[in-house]
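> Need coordinates for the following:
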Amino acid sequence: MDRPISVLGVPMDLGADRRGVDMGPSAIRYAGLADELEELGFDCVDRGDLQVPRPEQRDPDADEPAGGRAKYLGETRDVCTRLATRVGDVVGRGSFPLVLGGDHSIAIGTVTGVARTRETGVLWFDAHGDFNTPETSPSGNVHGMPLAALLGNGSFAASEWANSANVPEENVALVGLRDVDPTERPAIVDSDVTAFTMSDIDHRGITDVVEEAISVATDGVDNLHVSLDLDWFDPTEAPGVGTPVRGGVSYREAHAAMERVAAPEVPLTSMELAEVNPILDEHNRTAELAVEMAASALGKRVL
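A predicted model of the protein is given here:
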């Protein structure tokens, strides 16, 4: 890839109950992101952070949809709408958007901005399905809803700010699921989304699973977006995440997956890193992993 990289930070923690992921963009930068990308030969421009309102200043239930619950939905809509515009501008200038979160609700804005003007497949690395809607979510936390929002599920069907990206379900692949809510399971199974659990990775190996996931996500489209939630890792590797779940991928499996994403025939055109929580981290280990994942996805190799 010879395009310049534009880094956008979204210090968002409105989508979850646990505080701290708003410091994720700063932690990832501090872990040496710019230096790593420049060592790979990229022209890297940091375009700063979007302004995000503080939860203490807002009513979480002020904009709930009828028949469901989605905390800080109005604020999330505002941030994601502005993020989509910024990402769209980056894409329009011919740059590669690298978005730093923040909780995973930011994916609504990132994917909308990327896919608004071009057909894009989505590769979603996550422990969770993110397939809840305001009607099914047990918590009302929007960071458990971004994929459902992008696909227009539930009350999101009437939310143009969330589902205007027009990403086909057939071009969405989830990799590494291991913590799925009971209400999400039938929704994922009944959809045209392709989902790979950690059991699939155990049985088939990470490379085989990721190769199939890439094939699914890029079938008939010329662009690929990678959304990486750091809770995809096992907590022993990445302790500083918003919602840790035991049994995730190992350090080497994750690098192998990102190295496959970086293969010359894969049309990687955008990426985001989400759910780094420095408050829960150990010596910024999780932010450093985020930097390493970005570098591997963008072509870094041992030799």
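> got a list of what P267 touches?
Applying C-beta atoms under 8 Å, 6 or more residues apart in numbering to P267 gives the contacts 218, 221-224. No exception for glycine: its C-beta is placed from N, CA and C like everyone else's.
> could you redo the last one with a cut-off of 6 Å?
Counting by C-beta atoms under 6 Å, 6 or more residues apart in numbering, P267 touches 222-224.
> Out of those, name the ones that lie in strands.
L224 (DSSP state E).
> Write the ChimeraX selection for whichever of the contacts of P267 are buried.
This is how ChimeraX selects the buried members of the contacts of P267, with burial counted by 16 or more other C-beta atoms under 10 Å:
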select :223,224
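> Let me know the secondary structure of A213.
Under DSSP: H, G, I helix; E, B strand; the rest coil, A213 falls in the helix class.
> before we move on, back to that, any chance of the contacts of P267 in CSV, plus distance to D46 and pLDDT?
Listed next are those as CSV, based on distance: C-beta to C-beta, whole Å; pLDDT from 0 to 100:
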residue, distance to D46, pLDDT
D222, 27, 94
N223, 23, 96
L224, 23, 98
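> Nearest to P186 among the contacts of P267?
L224 (27.6 Å; C-beta to C-beta).
> Could you list everything that closest one pairs with in the sheet?
Counting by DSSP bridges, L224 forms beta bridges with G121, L268.
> how about the nearest residue to A290, chain neighbours excluded?
L273 (4.6 Å; C-beta to C-beta, 6 or more residues apart in numbering).
> got JSON lines for the contacts of P267, with distance to V291 too?
As requested, the contacts of P267 are exported to JSON lines (distance: C-beta to C-beta, whole Å):
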{"residue": "D222", "distance to V291": "28"}
{"residue": "N223", "distance to V291": "24"}
{"residue": "L224", "distance to V291": "20"}
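> circling back to that earlier point, mean confidence score for the helix or strand harbouring the residue nearest to A290?
Using DSSP states H and E, L273 sits within strand 268-274. On average, the pLDDT along strand 268-274 is 98.
> got it, and stretch 98-105?
97.
> go on, stretch 189-206?
98.
> which residue ranges form the helices in the stretch 151-300 of the chain?
All helices of the stretch 151-300 of the chain, identified by DSSP state H, counting those that start in this stretch, fall at 160-163, 184-190, 198-204, 206-217, 251-261, 285-297.
> Export the ones you listed to TSV and append columns for mean neighbour count and distance to D130.
Output for the helices of the stretch 151-300 of the chain, formatted as TSV (neighbours: other C-beta atoms under 10 Å; distance: least, C-beta to C-beta, whole Å):
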stretch	mean neighbour count	distance to D130
helix 160-163	19	13
helix 184-190	15	8
helix 198-204	15	16
helix 206-217	20	15
helix 251-261	20	18
helix 285-297	23	18
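> Tell me which of the ones you listed sits nearest to E119.
If we rank the helices of the stretch 151-300 of the chain by C-beta to C-beta, the stretch that ends up nearest is helix 206-217, at 11.3 Å.
> Test my guess that the residue nearest to A290 contacts V291.
No - judged on C-beta atoms under 6 Å, L273 makes no contact with V291 at a distance of 8.6 Å.
> Strands along the stretch 1-150 of the chain, start to end?
Applying DSSP state E, counting those that start in this stretch to the stretch 1-150 of the chain gives strands spanning 5-10, 44-49, 96-101, 121-125.
> Helix 251-261 and the last one, what's the angle between them?
With axes from the mean of the first three to the mean of the last three C-alpha atoms, to 10 degrees defining the directions, strand 121-125 sits at 170 degrees from helix 251-261.
> picking up where we left off before, adding distance to G113 and mean neighbour count, write the strands of the stretch 1-150 of the chain out as a markdown table.
What follows is the strands of the stretch 1-150 of the chain, written out as a markdown table (distance: least, C-beta to C-beta, whole Å; neighbours: other C-beta atoms under 10 Å):
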| stretch | distance to G113 | mean neighbour count |
| --- | --- | --- |
| strand 5-10 | 9 | 24 |
| strand 44-49 | 13 | 16 |
| strand 96-101 | 7 | 27 |
| strand 121-125 | 13 | 28 |
